[in-house]
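Q: Sequence unavailable; structure follows:
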């Protein structure tokens, strides 16, 4: 028995995506073009990248691929690049984060333990040469959290206190107030 299956993956991803959406909502639209360096993605580009990043696991796992050699990476990354380069407003980015996140969470939620245990062959030279679906699907959440850390740094750079920091500060203030009464 697995203690962390499809329902748990979906719940965990929904929490991560909810926090990403909160960041997207907290940042003023006129700051979506901010880049921490010339070679970095902007805030808006990072958010769109996070939204479309679920396309990869959806194609691989939704299509029940078992051999990554059968995926045309040139074609796939062409689609990703085209999707990422479309101009979008803040509202459109947030809507995409919500819709793509909901669709991916539904895929995760439907995954059985036996499906998550399936092993996929990676491309030659891959390290490791094979991975379970569970590991690959979990990495989608890890990828989003990586970029969310970047966004939280960018928030600080534009003068926005990240919502998770604000919540922690509020808890600390309540605890201090309770301790003094």
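A: Yep, that arrived. This structure is a prediction, so every number in the text was calculated from the model and none was measured.
Q: and the residue positioned nearest the centre of the chain, what does it touch?
A: Most central residue of the chain, judged by C-alpha distance to the mean C-alpha position with C-alpha atoms, centre = their mean, is residue 144 at 2.8 Å. Shown in contact with residue 144 (C-beta atoms under 8 Å, 6 or more residues apart in numbering): 13, 16, 17, 20, 50, 53. C-beta here means a position set from N, CA and C on the backbone, and glycine is covered the same way.
Q: Work out for me the element the fifth one sits within.
A: So the one you mean is residue 50. When secondary structure is defined using DSSP states H and E, the element that contains residue 50 is helix 43-52.
Q: Check the offset of the next helix or strand after that helix from the chain's centre.
A: Following helix 43-52 in sequence order, the next helix or strand is helix 55-57 (DSSP H and E). Using C-alpha atoms, centre = their mean, to the nearest Å, the mean C-alpha position of helix 55-57 is found 11 Å from that of the whole chain.
Q: Report the rounded mean pLDDT for helix 55-57.
A: The predicted model assigns helix 55-57 a mean pLDDT of 92.
Q: what helices or strands is it leaning on?
A: The contact analysis (3 or more C-beta pairs under 8 Å, 6 or more residues apart in numbering; DSSP states H and E) places helix 55-57 against helix 73-85, helix 90-109, helix 133-157.
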